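*Asks:* Need a 3D model of the following:
(chains A and B)
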Amino acid sequence: MKSTFRHSLVLLLVCMINIQAFAQTSNLTNRVLCQKVLDWVYKDLTVKNLDKSIERTKKKLLASVLSTLQNFKNGSLDENPELAKMWLSMKELDPEFESYLKKNKPYRSFINYGFFDWLTNSPNPDDVEIEGYFNLVKQWKDLQENKPEYFSDLPENLKLDSWDLATSKLVDEIGSLDYENQDILQDIKDTSRSLKSLSPNSTKRISNKSDSIETASKKLDQIQKQIMDSVLSIYSENFEDYKDYCSKADFKSLIITENAQNFCPANLIDVTPRPTIKQELSEIADILNAKDLKTIYRPVKPILIEQDDPVDEDDRSFVDRLCPIKIDYFKTKKPTSKATYNMRGADIVDTIVVHHTGEGTNLKTNAEAIHKMHVNRTTENSPWYMVGYNYLIGMGSNGSSLEKPAIIQGRNPAFRGAHAGGDTLPLPPEEINSLYSTFQSYNCKEDLSQTVSNQSKITSKNICEDSSFENNDFKCAMTTTNIADINNDGSLSGNMTSIGIAVVGNFDTQHTRTFFGTEIYRAEKVNISKVKYALVPKLVALVEALKKDYPEIKKIVPHNYFKNTACPGTVQEILAEVAKITGLEVYLSKAEEFKKYRNTKYKHLEKVKIGNTTKYRYKPAYSQFISLMKKIKTHEAIILEINTEIFMGSLSSNHRSSEIKKANQALQWLYNQKDQVAKELKI
Amino acid sequence: MALQSKRPSRQGAQDMKLILMLALFTTLSIASQEDDVTKVSKNFIQSIFDKDLKNYKKNVSAAYLKAQVANGFVKDTFQSNIKNKKMGAYDIEIKKGAVDEIYFVNFKEKTQESFGDNWFILKLDKENNFVVDGVHHFED
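*Replies:* Below is the predicted model:
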């Protein structure tokens, strides 16, 4: 029966949720938080209705005594010693219970007949054992069930039920509550005090015994209606209040059980009269003792990014909502006119690479200084466009401090960064296949004379207010085909698939550089343990925001995952913690990642040692597929090269157009071949 | 409209000469700069092994020297009695800055496989001499 009640309650709750007007569902859902909200709802419901529940029980107890008295000739409880014992117990337990009776007709008139004499004569008060409300009510209920002849004219709805048991149990628990939270303790004590001073409505007079039972029955219905209204109000208030944190779907998933049936008792609530109201209320009994009150508090709402922003229609990226410091890097230093950058799709980004800015920098090194060095650099005859990291975290640079660390915008992450210096593991063939339909724009350039000329000095004014530093006015080479840009071994550039975050400062384990055993340079060094408290929360906030902007991000790695380098020094020590908080996977090396997925995602790969280097390459079964891929890569490169020359202005678009056409035709043939092989390999 | 002659004009030939001379001058100038940078870099390293503070100071900027004095490097290197080990054969790599008149320089012992991530930055001082001015940690 209890189980049925519980299931019905669950369904009732589901229906309650359904009828609430939920605003837009936030994607910041938190299953743990939502469960806490639900627990709180149960508790709120329980505490707020406890007074009414106790009144309900008392009414039943009174009606029970009245009913017994009607059956006894001398109008005393002598013929029902068990009930007399309970009566005395109740008096001991709750001194107000007797006066509660005495104040009211018809009990008042019984005084003249010595009605209450039995209280002192029988049984012996020393024999009374007070074991609390719960045991007493339980005994009373058992008596009603085992000796129905004593209560023959007691209506069914006035008999004690499981709700009364739960109520009395709670009363006992309140007496033993020892809350750490003083506010809650006070609330509960106040509630408890008000319960004990309950008295019946004095304006209603009870004329005789049968009338009093009828009145008690009506009063009971009234109480139960109040409880039901309260139930609706509590659900509505709490679910509405937490709607930004827990969606309707979240609550549903938490309360729907596998035994739930296609039945909605809430549909009956608005039916007049309410034929099932008592049944529904008895279901609430399950709530009353369902949770341990001592451990349930109203959950604190987490600080959400949205709370900082009163505008609902916020089209900014999640990272921008963190108000990163934005810098007009080109005001500091323009790159050479030969510098270009590449765009990439958000869906190709699956990794966060963590760096430190290393030797030659300290906590106070500004991002502009790093940008200045980066625009002076050239990789394979290709000059750098701007600072290579997508983000930097400052704890002393650009106006930040350890107390107020800052996220500094580096290279717009819509563009490929310049930081990883290595390649991914060769991709699963399925992923390679899908990459051929990924759009990327290559070799974009900006008209730097058009960039803003605002002062680049960082002030509180231009933080999060001026977005004009973003390089949006870009032009890209028109490529006639989508370029997958897959390396010959089936890997992708780490820069293409990742977002680079650099922690400003030198976190090397060694602060001296030696050459032939002699120190030639001594660097400043930051102790990670002294900045960790500032760094971890900032990095976590950035990673969380990036995860929302780039839903494919699944892992976080140190720079040395991609390249044999000491970078990011001791910053590496905090990656596991950041990964744990943000739910990302963390790999300190490719070997670690390969080991985890060697039988699943990377089952197509084999590990080989070439000299001192470990390589990961495709198993022989995929040789034809890889061979075709390499040819495609060659032809894509031809087209890219021609388009780049046109883009850079050294060729007219008409020039070599026949070459582009020819390469495109060859590509189309290769694509078809690749599809055929992929089909054979069941890729 | 008269057809343009495909043959370069006399003026055109003069222009071409000028361009070629300019290119030659630039190339020679860069080559000369690289020689200077190499020389300064080698002197810089040698001065440390020789414990020659005077020579060391000649090859570093004031800011760089100040930092190395502050962190105790200068004292420990040039004023200690500990003998340095002998410097063996090494490789030097120089990269010119893409935008500024600066160079990135790195050293590698012959036996090492590759250059490290940290490069010395050489830039011109007020007297137009290249000096070591800092270190840059190379990404990518």
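
*Asks:* neighbours around the residue in chain A that chain B sits nearest to, how many?
*Replies:* Here the residue of chain A nearest chain B is residue A:358; by Cβ to the nearest Cβ that distance is 2.8 Å. C-betas here are computed from N, CA, C, even on glycine. Neighbour count for residue A:358, taken as other Cβ atoms under 10 Å in any protein chain shown: 28.

*Asks:* How about residue B:52?
*Replies:* Every residue meeting other Cβ under 10 Å relative to residue B:52 is counted, giving 15.

*Asks:* Kindly report the same for residue A:583.
*Replies:* Residue A:583: 10 surrounding residues under other Cβ under 10 Å.

*Asks:* Then residue A:360?
*Replies:* Residue A:360, neighbours per other Cβ under 10 Å, totals 23.

*Asks:* quick revisit: tell me the contacts of the residue of chain A closest to chain B?
*Replies:* Residue A:358 sits next to A:506, A:507, A:508, A:566, A:567, A:569, B:117, B:118, B:137 when contact means Cβ atoms under 8 Å, 6 or more residues apart in numbering or on different chains.

*Asks:* Could you check the pLDDT of residue A:383?
*Replies:* Model confidence at residue A:383, given as pLDDT, is 91.

*Asks:* those helices in the stretch 451-600 of chain A, which residues are they?
*Replies:* A:494-497, A:528-549, A:575-582, A:590-597 (DSSP state H, counting those that start in this stretch).

*Asks:* what packs against the second one?
*Replies:* Spelled out, that is helix A:528-549. Packing contacts for helix A:528-549, counted by 3 or more Cβ pairs under 8 Å, 6 or more residues apart in numbering or on different chains; DSSP states H and E, involve strand A:351-356, strand A:391-394, strand A:406-409, strand A:498-503, helix A:575-582.

*Asks:* Output that helix as CSV, restricted to C-alpha atoms.
*Replies:* Only the C-alpha atoms of helix A:528-549 are listed here, as CSV (Å, rounded to 0.1, in the frame of the first residue of the first chain):
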residue,chain,number,x,y,z
ILE,A,528,52.7,26.9,-8.4
SER,A,529,51.6,26.2,-4.9
LYS,A,530,51.5,30.0,-4.2
VAL,A,531,49.2,30.8,-7.1
LYS,A,532,47.1,27.7,-7.3
TYR,A,533,44.3,29.2,-5.3
ALA,A,534,43.9,32.0,-7.8
LEU,A,535,44.7,30.0,-10.9
VAL,A,536,42.5,26.9,-10.6
PRO,A,537,39.1,28.7,-10.2
LYS,A,538,40.0,31.0,-13.2
LEU,A,539,41.1,28.2,-15.4
VAL,A,540,38.0,26.2,-14.4
ALA,A,541,35.7,29.1,-15.3
LEU,A,542,37.4,29.5,-18.6
VAL,A,543,37.3,25.8,-19.4
GLU,A,544,33.6,25.6,-18.4
ALA,A,545,32.8,28.5,-20.7
LEU,A,546,34.8,27.0,-23.6
LYS,A,547,33.0,23.7,-23.1
LYS,A,548,29.8,25.5,-23.8
ASP,A,549,31.1,27.5,-26.8
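
*Asks:* The residue nearest to residue A:415 when sequence neighbours are not counted pairs with what?
*Replies:* Nearest residue to residue A:415, sequence neighbours excluded (Cβ to Cβ, 6 or more residues apart in numbering or on different chains): residue A:341, at 4.7 Å. With DSSP bridges applied, residue A:341 shows beta-bridge pairing to residue A:444.

*Asks:* for residue A:341, what are its contacts?
*Replies:* A:385, A:386, A:411, A:415, A:416, A:443, A:444, A:445, A:474.

*Asks:* ok so, going back, winner for burial among the helices of the stretch 451-600 of chain A?
*Replies:* Between those, helix A:494-497 has the highest mean count of neighbours, a mean of 23, where neighbours are mean count of other Cβ atoms under 10 Å in any protein chain shown.

*Asks:* Remind me what that helix packs against, helices and strands.
*Replies:* With contacts defined as 3+ Cβ pairs under 8 Å, 6+ apart, helix A:494-497 has these neighbours: strand A:351-356.

*Asks:* Find the nearest non-adjacent residue to residue A:626, please.
*Replies:* Here the residue nearest residue A:626, using Cβ to Cβ, 6+ apart, is residue A:618, at 5.3 Å.

*Asks:* List phi and psi for the one you found.
*Replies:* Recorded main-chain torsions at residue A:618 are phi -70, psi 150, according to degrees, to the nearest 10.

*Asks:* how far away is it from residue B:17?
*Replies:* 56 Å (Cβ to Cβ, to the nearest Å).

*Asks:* Please parse chain A into its domains.
*Replies:* A:2-18+A:27-295, A:320-422+A:443-478+A:493-587, A:589-683 (automatic domain parsing).

*Asks:* re the thing from before, more neighbours, residue A:618 and residue B:17?
*Replies:* Taking other Cβ under 10 Å, residue A:618 and residue B:17 do not tie; residue A:618 has more neighbours (18 against 10).

*Asks:* and the helices and strands packed on helix A:528-549 as JSON lines, adding mean pLDDT and distance to chain B?
*Replies:* As requested, these are exported to JSON lines (pLDDT from 0 to 100; distance: least, Cβ to the nearest Cβ, whole Å):
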{"stretch": "strand A:351-356", "mean pLDDT": "98", "distance to chain B": "6"}
{"stretch": "strand A:391-394", "mean pLDDT": "97", "distance to chain B": "12"}
{"stretch": "strand A:406-409", "mean pLDDT": "93", "distance to chain B": "16"}
{"stretch": "strand A:498-503", "mean pLDDT": "97", "distance to chain B": "8"}
{"stretch": "helix A:575-582", "mean pLDDT": "94", "distance to chain B": "17"}
